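A.B. asks: task: produce atomic coordinates for the following.
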Amino acid sequence: MGHLGSANPPAEISKKKAAARLEAAQERLLRLRLLLGGQIGERRDAETRIGPPLCVVFEGWDASGKGGAIKRLVEPLDPRHVRVAQFAAPTYDEKRHHFLQRFWSVLPGKGGMAVLDRSWYGRVLVERVEGFATDEQWKRAYQEIVEFERTLTAEGMILIKFWMHVSDEEQLKRFESRRVDPLRQWKLTDEDWRNREKRAEYEAAVEEMIDRTDQPKARWHVIAGDDKPYARLAVVEQVCHVLETKLAKRGYDLSAF
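C.D. replies: Residues are numbered from 1 along each chain as shown. A predicted model of the protein is given here:
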């Protein structure tokens, strides 16, 4: 069974329980974010200790719920304390540079947080499947990405990567729902429908991507997204869990949080 095959839907959870768990996780995240940013916590030489940078990367199927998950993730945070960046196809000028160049400017510094709606993984996903990168380019990119992420985490960054997974049937339901909703039609493009026709090719690309870029300090977390309320709370809870684990290893006292 591959990585995507293991993304089984969770045991059914009521909307009330899901909402309660989400609210609790958001409060935990808020406290952790304030700790990372130096707004609360240990003081050194009359200044509050600033934590490591945090970068959360989202990839996933079209209509997999990335936007909804990101919204819940940043909802409790002061907008001054988090940056959300979205990446589409590179521009003409961006194509003149190495494919990783356009991502550097949005990466967080110490005490900062960034959330990326799609990322450098486009090189081994859409650029691979659609032929926008040569075979030599996308095959080389796995090692380039691993080294890039190793550089970031060696400098202290906490990097959390999500693949938002939905079944083929659920994706079609969401496409049809968007198609008839005037306020959400803009989310559905001809390209989305074309991508559905290549789902098998994309699945193979995703499986290889996870196999080759899942590293001890840059793990992939596959989220079962057919149940939206569960997927959203699962993302926030996972971010909290990773943060607490990483910070505890770095000597932070989290007993007050």
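A.B. asks: from now on I want contacts and neighbour counts done on CA atoms only, so please keep to that.
C.D. replies: OK.
A.B. asks: tell me which residues in stretch 55-70 are buried?
C.D. replies: Residues 55-66, 69-70 are the ones in stretch 55-70 that count as buried (16 or more other Cα atoms under 10 Å).
A.B. asks: and which of these is nearest residue 156?
C.D. replies: Proximity of the buried residues of stretch 55-70 to residue 156 (Cα to Cα) peaks at residue 55, which lies at 11.0 Å.
A.B. asks: that closest one and residue 205: what is the separation?
C.D. replies: From residue 55 across to residue 205, the span is 23 Å (Cα to Cα, to the nearest Å).
A.B. asks: over to residue 122?
C.D. replies: Using Cα to Cα, one obtains 10 Å as the distance from residue 122 to residue 205.
A.B. asks: any common contacting residues for those two?
C.D. replies: Contact with both residue 122 and residue 205 is made by residues residue 128, according to Cα atoms under 8 Å, 6 or more residues apart in numbering.
A.B. asks: which stretches of the stretch 51-200 of the chain form strands?
C.D. replies: Ranges of strands in the stretch 51-200 of the chain, per DSSP state E, counting those that start in this stretch, are 54-60, 83-86, 113-117, 158-165.
A.B. asks: nearest to residue 210, of those?
C.D. replies: Taking Cα to Cα, strand 158-165 is the member of the strands of the stretch 51-200 of the chain nearest to residue 210, at 9.1 Å.
A.B. asks: got a list of contacts for that closest one?
C.D. replies: Residues from elsewhere that reach strand 158-165 (Cα under 8 Å, 6+ apart): 4, 7, 52-61, 64-66, 153, 217-226, 235, 239, 242-243, 246.
A.B. asks: ok now stretch 20-39, how far from the chain's centre?
C.D. replies: Offset of stretch 20-39 from its chain centre (Cα atoms, centre = their mean, to the nearest Å): 17 Å.
A.B. asks: I misspoke; the intended subject was stretch 119-127.
C.D. replies: Counting by Cα atoms, centre = their mean, stretch 119-127 comes out at 13 Å from the chain centroid.
A.B. asks: low-confidence ranges, the stretch 101-250 of the chain, go.
C.D. replies: Along the stretch 101-250 of the chain, no part satisfies pLDDT under 70.
A.B. asks: what do you get if the cut-off is 90, keeping everything else the same?
C.D. replies: Where the stretch 101-250 of the chain drops to pLDDT under 90, the residues are 187, 189-192, 194-195.
A.B. asks: which residue ranges form the helices in it?
C.D. replies: For the stretch 101-250 of the chain, applying DSSP state H, counting those that start in this stretch gives helices covering 126-129, 135-154, 168-179, 190-197, 199-213, 228-249.
A.B. asks: and of those helices, who's closest to residue 74?
C.D. replies: Closest approach to residue 74 among the helices of the stretch 101-250 of the chain is made by helix 228-249 (9.2 Å; Cα to Cα).
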